[in-house]
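In: A predicted structure for the sequence below; I have some questions about it.
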Amino acid sequence: MIEKKNAMTHLLSLLVLLVEYLLVRYALIGLHGMYQWPVMLLGFGMIVIAISFFLKKRILPIIASVSYLLSFVIGVIFQTDGTDPGGGSTNNLWIIWTVSMIVLVVIGNVIERIYRKRKR
């Protein structure tokens, strides 16, 4: 049976994730210039939230939704520009953004497990 509190937590997390996506993808496009990578990370966040819904997790969907924007900020702060051997420009924002989002989701899962063990 679907718990109302569980469903509301996950729906709210999805809504926050979508708002963050719209903010990053459209309002902050000048900071990153990427069109498809924000969608890929949105998909990752949605998959994590969906899986956490079926596993009845409470903390993970919140962290998954917040990690999208937080990881973007981390990426903007620590990004570096460079040039490839052919003379083209490179930037590592997308790598930092992706890795930090994955790390935050893993940390959220660890927090969820600790929370569940202490609750028992």
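Out: Perfect, thanks for sending it.
In: measure the residue lying farthest from the centre of the chain to W37 for me?
Out: Going by CA atoms, centre = their mean, the residue of the chain most distant from its centre is G86, 32.6 Å out. As judged by CB to CB, to the nearest Å, G86 and W37 stand 22 Å apart. For the C-beta atoms, the positions are set from N, CA and C on the backbone; glycine is no exception.
In: Ok, I96 next?
Out: 12 Å.
In: same question, L104
Out: 17 Å.
In: same deal with W97?
Out: On the measure of CB to CB, W97 and W37 end up 8 Å apart.
In: more neighbours, these two?
Out: Using other CB atoms under 10 Å as the criterion, W97 and W37 rank with W97 on top: 26 against 16.
In: Backbone dihedrals for that one, please?
Out: phi -60, psi -50 (degrees, to the nearest 10).
In: List the contacts of it.
Out: Applying CB atoms under 8 Å, 6 or more residues apart in numbering, one finds that W97 lies in contact with W37, L41, S71, F72, I74, G75.
In: What is the burial count for S13?
Out: For S13, the neighbour count with other CB under 10 Å is 23.
In: what about it, which helix or strand?
Out: Taking DSSP states H and E as the criterion, S13 maps to helix 4-22.
In: residues making contact with the next helix or strand after that helix?
Out: Using DSSP H and E, the helix or strand that follows helix 4-22 in sequence is helix 29-32. By CB under 8 Å, 6+ apart, the residues outside helix 29-32 that reach it are V24, P38, F72, G75, V76, L93, W94.
In: For R120, see how far away the residue nearest to the last one when sequence neighbours are not counted is.
Out: This means W94. Closest residue to W94 apart from its sequence neighbours, by CB to CB, 6 or more residues apart in numbering: W37 at 5.1 Å. As judged by CB to CB, W37 and R120 stand 40 Å apart.
In: Excluding covalently adjacent residues, which one is nearest to T98?
Out: Here the residue nearest T98, using CB to CB, 6+ apart, is L41, at 6.6 Å.
In: Check I59 too.
Out: Excluding the flanking residues, the one nearest I59 by CB to CB, 6+ apart is E112, at 4.7 Å.
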